[in-house]
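*Asks:* Got a predicted structure here, sequence first:
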Amino acid sequence: MVDKIRKMKRILILGGGFAGVECCLDLESYFKNNKDVEITLVSEDNFLLFTPMLPQVASGTIETRHIVTAIRTLIDKTRFFEAKIKNIDPYGKTVTLYGTAENRGVQLHYDFLVVALGSQTNFFGMKDVEYNAYTMKTLNDAVVLRNRIIDMMEQAENETDPILRKSLLRFIMVGGGFAGVETAGEINDFVTDISKYYPNIQTDDIKITLVEAASEILTGFPRKLANFAKTKLMERGVEVLLNFGVRSFDGKQVFLENLGKSNDKQDKTILASTLVWTAGVTPIDLIKDSLFKTEKGRIIVDEFLQVSGFPGVFAIGDCCKINPKLNKKQFPPTAQIAEAQAKTAAKNLMCLLSNTNMEEFDYEWRGQSAIIGRRTGVASFFGMNISGFWAFVAWRNLYLSKMRSWEKRLRVWIDWNIGLFFSRDISRLKVLKKEIKIDYKELDEVDEVW
């Protein structure tokens, strides 16, 4: 029995996002009939979150649970752990998981490791912004932001102080990338639609401001499409401030520094109670503090996505960077790239186990799209640039097709279409999650015969 277990090859995947789940499912397809290969997946959440639709959850367009798919409904052969990772030891080939008040921690042994731990919001060292700002990274973020917006509307409805009232109805979105632009568009639609329930609030009283440090929004998009998006946002009442960077936010006012070259531009101070930060990501602290070689927090990998100095260990998605000496072509941290890297990593693991040559990672950009509210979008696919309603339709069809479950696709489709007949719900759900205490006790091994 012991000899048989020792022959078993253990593949451990860390992360339940796009990269981790894609790699896991590909490995299952490769080794579904191979009893000598064991696959284990670890994730802090027991679901796969479809992050491109978070802004629509924040605006009440889509119900919360409709953009998540339980990981256990997707896997077949894989062993799954819902847990927070405490430590990665690439020399001892072990990963330690935190315990809770109810159960002990676990130490997992592996023969091959795939690190797909994604990223976290980057506040660039501004502690006051980190403490006071809202983010759009998790499902909880979207729910909390929706509650915040409704709360501000409720307070402003009966506020008689004009200065305080103006602050309550000012919403600042920081970051002119996909998340910031889509969040600004969705929130603008949301507050415009629900203002009818607040007789003392006029649409013009509400101000959405999009702040971007660069000279344009949607960097990487064709300029014509980016300009179209900016123009449409401004036509619909969204203020777009370019060449301004946030320097502080105390929860009552935000200080913006002029980053433009023109001397006539001045710094700005805006009274606002709500600031949404979507201005960048950085690898999680666990990766930054790991034994892996990193650059700006991202794990350095070779052309096969193997971690430098640790054969059999792969890193994919937002937390990795291909060594520029081996591949001059660098790839942005997007879900599209993460899934492509997951496929290559899974295939290379199969090659390692079958003693065949691995393949180098490469990817040709297929295009990108964004929505900017009110059934309007921009899209660029295979050299074709689309804007307006048909880009909005393309965005919906693209992302609907990428959802893992037919049930979730149907639910989202119903949510989109039911909004044509009914008004948005303005119920504010006060959901508070009790903090779970962490227990540092560890189990020596998952299976004592290993």
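*Replies:* Done, it's in.

*Asks:* Please enumerate the strands of the stretch 51-200 of the chain.
*Replies:* 68-70, 79-82, 85-89, 94-97, 99-100, 106-109, 112-115, 119-121, 134-135, 170-174 (DSSP state E, counting those that start in this stretch).

*Asks:* and A70, bridged to which residues?
*Replies:* F47 (DSSP bridges).

*Asks:* Also the one 10 residues further on?
*Replies:* Partner residues in beta bridges with F80: L41, with DSSP bridges as the criterion.

*Asks:* hey, least reliable of the strands of the stretch 51-200 of the chain by pLDDT?
*Replies:* By mean pLDDT, the lowest-scoring of the strands of the stretch 51-200 of the chain turns out to be strand 99-100, with a mean of 83.

*Asks:* and it, which strands flank it?
*Replies:* strand 438-439 (antiparallel).

*Asks:* quick one on the thing from earlier: format the strands of the stretch 51-200 of the chain as JSON lines; extra columns: mean neighbour count.
*Replies:* Placement of C-beta: from N, CA and C, glycine included. Shown next, in JSON lines, are those (neighbours: other C-beta atoms under 10 Å):
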{"stretch": "strand 68-70", "mean neighbour count": "18"}
{"stretch": "strand 79-82", "mean neighbour count": "17"}
{"stretch": "strand 85-89", "mean neighbour count": "18"}
{"stretch": "strand 94-97", "mean neighbour count": "20"}
{"stretch": "strand 99-100", "mean neighbour count": "16"}
{"stretch": "strand 106-109", "mean neighbour count": "19"}
{"stretch": "strand 112-115", "mean neighbour count": "27"}
{"stretch": "strand 119-121", "mean neighbour count": "18"}
{"stretch": "strand 134-135", "mean neighbour count": "20"}
{"stretch": "strand 170-174", "mean neighbour count": "26"}
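
*Asks:* Make JSON lines from the ones you listed and add distance to N34 to it.
*Replies:* Shown next, in JSON lines, are the strands of the stretch 51-200 of the chain (distance: least, C-beta to C-beta, whole Å):
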{"stretch": "strand 68-70", "distance to N34": "25"}
{"stretch": "strand 79-82", "distance to N34": "15"}
{"stretch": "strand 85-89", "distance to N34": "26"}
{"stretch": "strand 94-97", "distance to N34": "22"}
{"stretch": "strand 99-100", "distance to N34": "32"}
{"stretch": "strand 106-109", "distance to N34": "19"}
{"stretch": "strand 112-115", "distance to N34": "14"}
{"stretch": "strand 119-121", "distance to N34": "33"}
{"stretch": "strand 134-135", "distance to N34": "41"}
{"stretch": "strand 170-174", "distance to N34": "48"}
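
*Asks:* In contact with the nearest residue to L271 once chain neighbours are set aside, which residues?
*Replies:* Closest residue in space to L271, ignoring its immediate chain neighbours: S167 at 4.4 Å, by C-beta to C-beta, 6 or more residues apart in numbering. Applying C-beta atoms under 8 Å, 6 or more residues apart in numbering, we find S167 in contact with 252-253, 271-273.

*Asks:* Only whichever of those are buried, select them in ChimeraX.
*Replies:* Buried members of the contacts of S167, defined by 16 or more other C-beta atoms under 10 Å, are picked up in ChimeraX with:
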select :272,273
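
*Asks:* So which of the contacts of S167 is the closest to K207?
*Replies:* A272 (8.4 Å; C-beta to C-beta).

*Asks:* pLDDT score assigned to the closest one?
*Replies:* At A272, pLDDT is 95.

*Asks:* Isn't S248 up against K127?
*Replies:* No. Judged on C-beta atoms under 8 Å, S248 makes no contact with K127 at a distance of 9.7 Å.

*Asks:* Settle it for me: which of the two has more neighbours?
*Replies:* Using other C-beta atoms under 10 Å, the more surrounded residue of S248 and K127 is S248, with 15 against 9.

*Asks:* Wasn't the more buried one part of a strand?
*Replies:* Yes. S248: assigned to a strand according to DSSP: H, G, I helix; E, B strand; the rest coil.

*Asks:* what about it, distance to R148?
*Replies:* 20 Å (C-beta to C-beta, to the nearest Å).

*Asks:* so where's the stretch 301-450 of the chain uncertain?
*Replies:* For the stretch 301-450 of the chain, the stretches with pLDDT under 70 are 431-450.

*Asks:* That one: helices as residue ranges?
*Replies:* Assigned by DSSP state H, counting those that start in this stretch, the stretch 301-450 of the chain shows helices spanning 335-353, 389-402, 406-418.

*Asks:* Mind checking the ones you listed for the one nearest to A370?
*Replies:* Once those are compared by C-beta to C-beta, helix 389-402 is nearest, at 7.0 Å.

*Asks:* Give me the contacts around that closest one.
*Replies:* By C-beta under 8 Å, 6+ apart, helix 389-402 touches 50, 52-53, 369-371, 375-379, 381, 386, 409, 412-413, 416.

*Asks:* go with 7 Å
*Replies:* 52-53, 369, 371, 375-379, 386, 409, 412-413, 416 (C-beta atoms under 7 Å, 6 or more residues apart in numbering).

*Asks:* Can you turn the buried subset of those into a selection I can paste into PyMOL?
*Replies:* Buried subset of the contacts of helix 389-402, written as a PyMOL selection, criterion 16+ other C-beta under 10 Å:
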select buried, resi 52+53+369+371+376+377+378+379+386+409+412
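
*Asks:* From the contacts of helix 389-402, pick the one nearest G185.
*Replies:* Nearest member of those to G185, counting by C-beta to C-beta, is I371, at 6.4 Å.

*Asks:* how far away is that closest one from R411?
*Replies:* 19 Å.

*Asks:* ditto for F304
*Replies:* 39 Å.

*Asks:* Tell me which of the two has more neighbours.
*Replies:* F304 (20 against 17).

*Asks:* Now do the contacts for the more buried one.
*Replies:* F304 neighbours (C-beta under 7 Å, 6+ apart): 348, 358, 360-361.

*Asks:* List the contacts of stretch 7-20.
*Replies:* By C-beta under 7 Å, 6+ apart, stretch 7-20 touches 23-24, 27, 36-43, 45, 48, 71, 85, 95, 108-118, 316-317, 335, 338-339, 341-342, 349, 353.

*Asks:* and if you look at stretch 206-213?
*Replies:* By C-beta under 7 Å, 6+ apart, stretch 206-213 touches 169-176, 180-181, 184, 187-188, 191, 195, 233, 237-246, 256, 259, 270.
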